[in-house]
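Participant: what follows is a predicted protein model with its sequence.
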Amino acid sequence: MNESKLLHGFQHIESHEIKEIKATAHRYIHIKSGAELIHYACEDNNKVFQIGFKTIPEDNTGCPHILEHSVLGGSKNFPSKNTFMELIKGSMNTFINAMTAPDMTV
């Protein structure tokens, strides 16, 4: 890969215009982790951020949901007593939440 085209460790893959919402979708991949990122560039002032993970359950113990709460509770290296309250400080307070679906956690 061309190192000069890396942006914060992400390589640009492709871009597509979405006429219906007057936006351009840019797709990136993080070189080290393989994580994919899609950025919708548009003139809309409303901003959204989401991270989603496949969490296919092996049983009915609720492990993905427990992990969701554990991650949001912080850690030794990333201390945070209440992640949502920290996020609300810099938001318009319209919607902040974490969710566990049957096959993914966002």
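Facilitator: It's in.

Participant: secondary structure class for Val71?
Facilitator: Under the three-state scheme (DSSP: H, G, I helix; E, B strand; the rest coil), Val71 adopts helix.

Participant: what residue ranges in this structure score low on pLDDT?
Facilitator: Judged against pLDDT under 70, the low-scoring parts of the chain cover residues 1-4, 81, 83-85, 87, 90-95.

Participant: at 50 instead, please
Facilitator: 1-4 (pLDDT under 50).

Participant: okay, strands next: where are they in it?
Facilitator: With DSSP state E as the criterion, the chain has strands at 6-7, 10-18, 23-30, 36-42, 53-54, 104-105.

Participant: count of residues packed around Tyr28?
Facilitator: By other C-beta atoms under 10 Å, 20 other residues sit near Tyr28. C-beta coordinates here come from the backbone N, C-alpha and C atoms, glycine included.

Participant: go on, the one 3 residues further on?
Facilitator: Per other C-beta under 10 Å, the neighbour tally for Ile31 reads 13.

Participant: OK, contacts around it?
Facilitator: When contacts are counted by C-beta atoms under 8 Å, 6 or more residues apart in numbering, Ile31 touches Met1, Leu6, Gly9, Phe10, Gln11.

Participant: now stretch 62-70, how far from the chain's geometric center?
Facilitator: The gap between the average C-alpha position of stretch 62-70 and the chain average comes to 17 Å, counting by C-alpha atoms, centre = their mean, to the nearest Å.

Participant: could you do stretch 69-77 as well?
Facilitator: Relative to the chain's own centre, stretch 69-77 is displaced by 16 Å; criterion: C-alpha atoms, centre = their mean.

Participant: straight-line length of that stretch, end to end?
Facilitator: End-to-end distance for stretch 69-77: 17 Å, by C-alpha to C-alpha, to the nearest Å.

Participant: rewinding a little: can you say which of the contacts of Ile31 are buried?
Facilitator: Burial by neighbour count, 16 or more other C-beta atoms under 10 Å: within the contacts of Ile31 this picks out Phe10.

Participant: no further queries at this time; thank you.
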